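A.B. asks: no FASTA, just this:
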């Protein structure tokens, strides 16, 4: 099936690609054939109106019906077969095996949310009436939840399936009972179109109102702003860069009716290596670091971009092993020309900081949108007080801070901005000797990890993917895992309410 | 003990009342003797610095120690005896019996949070490791929570105890493990000082760091802005007026590091009377309405300010009964001269709207800050499309919309702004016949009530005191009840974390 290049609004393919844009193959640095429509306020208005109409019938579905819808989406995505994987590979340069895994994650996530709908994690809270209580009787009160309303979703370029059209934000908003309007990421519009079609077929199969899902293609900032500002939109899910996420968060807060903005914006994900573990296995630690930083060419929000390393003989072995390991890594193709350019300028900016020297680099292959893997080093003395060293360079670029031990380590941790994750590599003895440090890291991050790497965010009930600002714009929520549904619900208390009119779960 | 008129910052009475303000007795319209210091950025900086220092030791307390602290505060407030009640009566004109009840509520609330600390309502979520899972092993992940940091609390004038210095926001933030800085309401600074002293004695008894609580007195908007903007502040709890709450919410969102702002801003709390119930007991409905609207001279955020009434013979009896009931009510003294003035101008504004006529008024007693109880009426035809009719008039002023039935009722409900509560007065048959209406009200309010009045917000596990904007700035949270603690916590996932270093509850 050829791609339409159109928006998918409430069941209809619409929009002539007159004001258009092209998908791009980053591997060949050449455009792909289909022209895609560039959305405007008109498409936002049409999708919002349809979503508003669909909200009441959609929220009335019981949890089993919503669960079946999520499962139908997963099946329809799987039914796209290689067509989806091939298109995603063309648009992102991500290898087929990775995309296959990401498809599995995406469909598994949809099914996991279906499971959590069927088996909620939290008990229903009820207070029975106490008619004889003094001085006043207590009424019967039961605490329910209702969905917020239509949700705008902004997917990320780096997970064209799992954090895009049918990714975690869409799945959790749909699970909550909210219609979804996705602003498709312009780096993979064909992939987005294919997934939107799959969702459309699931809607038809489940006899749902068409407005429960729309995809608007486009690349203009004005389109994103129009979507966040639209009065019908009740919440926003966003995964992407700090500057864009922070700007849209302000739009959401400064609307006439402010709405919650759930932005997952990224981090450097510090790796704190403690002395005992470093002495015990410096080469293995270096190998873990190389493996994790190279996943997806470092284009993960949990990519380990910062290593805090004490000085020791083990540290020398670790650095030597890192250098040797990286030198055998080859340049990969980045997701987009823009990301490749930003990588080079970000790495140059890091390299220009006081005291920063290059430890190692991977092989340059001359790819048009390539990113040579880089590891820099700097001493703790030079690092202290330089906030530029903690800025994320999106891609396979890592900074090792040496001499990070004792008071210098504590001081460095105190200056870290909010993080999605912090990893501590340590023995049982290391952990026992660093309690204050562990506590400081807890108050800096959304996920603490011991002796494992942060890449590979497990989709499970206990997951938290978020963290203190600026890692996230809403540290009290997670964008991955069961609790992600809570972002799109609000409490509603029922006082003395007739049993027949209570939601089933509250009776 | 004479009052100091000073701030209470980290255990010290401080601040010379040079830039000062006076407490006022609204009953005599005369100042009370003590001069109170008017806080500035210097006091904010001192309290914030102490709160930052206290955060780490305070958050490390186990839940039993925090529970004991909350109970100690309750005991110390009770130990203030009549001195507290007398001062509150002077500053607020609220009757002694009401203040006695409010003290009971305040201390009961502190003890309830202690109980919820000891017996959490939500289960701990854990995912066990699956080392043999294909294609990748699953790590062990456990979901904990950590407190956000120092919290700024802005109390309300209308509950000088229960929503003020040691009110629900303070109690829930302290329960969460957050130090608290209260900006005292300038309408009851002496009451605030007495309660701050009680909290200070509880801190000494429990050997806590002094910075865990501060009270800054003052009345300038610049002081409030400085507190919300201070970098150490991690969240804000606010109860008060819409304009002030919305302005401070924008300050919180537009900080360099945005923080959550939990503002409970008020509502008109519609009373929807359905035909069967109206026919069955019009006089009782009128009596309930009069009783509820007169509580605290209507100065409750849940005061029932709007009645939606169908036309019928029962409606005529209801209106006659309302008019007769109100005519025997006497003018009461309002909390402050400013509130009394705002009441009169708000009521005049309502009376000037197209089609609005006076149904009844209470007796004018010539009090300096009195508020004559008022009931206005308007037809549904005249009401439709006039948003001014849904604006809260803080005080004993009620608007009855007649002819609110069928499509007119549906249209009126569709135009309601977000509400803290909506009450439906109906028989079982009424409820069964109005399912769409009930659903519309659910999506407009934070608490649905059947056949009871909204005043008297029960402090219990299932309570929700909040609602869609503009009733609240954070519809996803409650400011009353067990879940209020959640506002001051955020999730933290522990992956593969050593058991010895896990929080006790996660082991």
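C.D. replies: Sure, I can see it. Remember, predicted model here, so these are calculated numbers, not experimental data. Numbering: from 1, shown residues only, chains lettered A, B, ... in the order given.

A.B. asks: next, the buried residues of the longest helix along chain A.
C.D. replies: With secondary structure taken from DSSP state H, chain A has its longest helix at helix A:96-118. Buried positions in helix A:96-118, judged by neighbour count with 16 or more other Cβ atoms under 10 Å in any protein chain shown: A:98-99, A:101-103, A:105-107, A:109-114, A:116-117. Using the backbone N, CA and C atoms, a C-beta is placed for each residue, glycine as well.

A.B. asks: then stretch A:321-341?
C.D. replies: Within stretch A:321-341, the residues scored as buried using 16+ other Cβ under 10 Å are A:321-323, A:325-326, A:329, A:331-336, A:339-340.

A.B. asks: what's the first-to-last distance across that stretch?
C.D. replies: Terminal residues of stretch A:321-341 are spaced 28 Å apart (Cα to Cα, to the nearest Å).

A.B. asks: run the chain-centre distance for it.
C.D. replies: 22 Å (Cα atoms, centre = their mean, to the nearest Å).

A.B. asks: do the same with stretch A:74-87
C.D. replies: 21 Å.

A.B. asks: now that stretch: mean pLDDT?
C.D. replies: Here stretch A:74-87 scores 98 as its mean pLDDT.

A.B. asks: equivalent analysis for stretch A:469-477, please.
C.D. replies: Regarding stretch A:469-477, the rounded mean pLDDT is 97.

A.B. asks: what does stretch A:239-251 give?
C.D. replies: For stretch A:239-251, the per-residue pLDDT averages 97.

A.B. asks: what comes up buried for that stretch?
C.D. replies: Of the residues in stretch A:239-251, A:239-242, A:245-246, A:248-251 count as buried by neighbour count, 16+ other Cβ under 10 Å.

A.B. asks: the residues you listed into CSV, with extra columns for distance to chain B and secondary structure?
C.D. replies: Below are the buried residues of stretch A:239-251 laid out as CSV (distance: Cβ to the nearest Cβ, whole Å; DSSP: H, G, I helix; E, B strand; the rest coil):
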residue, distance to chain B, secondary structure
A:239, 17, strand
A:240, 17, coil
A:241, 17, coil
A:242, 12, helix
A:245, 11, helix
A:246, 8, helix
A:248, 12, helix
A:249, 7, helix
A:250, 7, helix
A:251, 10, helix
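
A.B. asks: need the max-distance pair from these.
C.D. replies: Within those, A:239 and A:250 form the most distant pair, 17.5 Å apart (Cβ to Cβ).

A.B. asks: can you pull the contacts of residue A:430?
C.D. replies: Residues in contact with residue A:430 (Cβ atoms under 8 Å, 6 or more residues apart in numbering or on different chains) are A:274-277, A:424.

A.B. asks: in helices only, show me these.
C.D. replies: Those of the contacts of residue A:430 lying in helices (DSSP H): A:275-277.

A.B. asks: most neighbours among the residues you listed, please name it.
C.D. replies: residue A:277 (23 neighbours; other Cβ atoms under 10 Å in any protein chain shown).

A.B. asks: wait, isn't it in contact with residue A:434?
C.D. replies: No. The pair residue A:277 / residue A:434 is not scored as a contact, 11.1 Å apart, by Cβ atoms under 8 Å.

A.B. asks: is it true that residue A:335 touches residue A:92?
C.D. replies: Yes. Contact criterion Cβ under 8 Å: residue A:335 and residue A:92 qualify, at 5.3 Å.

A.B. asks: spit out the residues that contact the two alike.
C.D. replies: A:26, A:157, A:187.

A.B. asks: how many other residues sit next to the second one?
C.D. replies: Applying the criterion other Cβ under 10 Å, we find 23 residues in the vicinity of residue A:157.

A.B. asks: how about the residues of the stretch 151-300 of chain A that lie near chain B?
C.D. replies: Residues of the stretch 151-300 of chain A found near chain B (Cβ under 8 Å from any Cβ of the partner chain) are A:249-250, A:253-254, A:257-258, A:260.

A.B. asks: repeat the analysis, applying 6 Å as the threshold.
C.D. replies: A:253, A:257 (Cβ under 6 Å from any Cβ of the partner chain).

A.B. asks: mind telling me which residue of the stretch 151-300 of chain A is nearest chain B?
C.D. replies: Residue nearest to chain B within the stretch 151-300 of chain A (Cβ to the nearest Cβ): residue A:253, separated by 3.4 Å.
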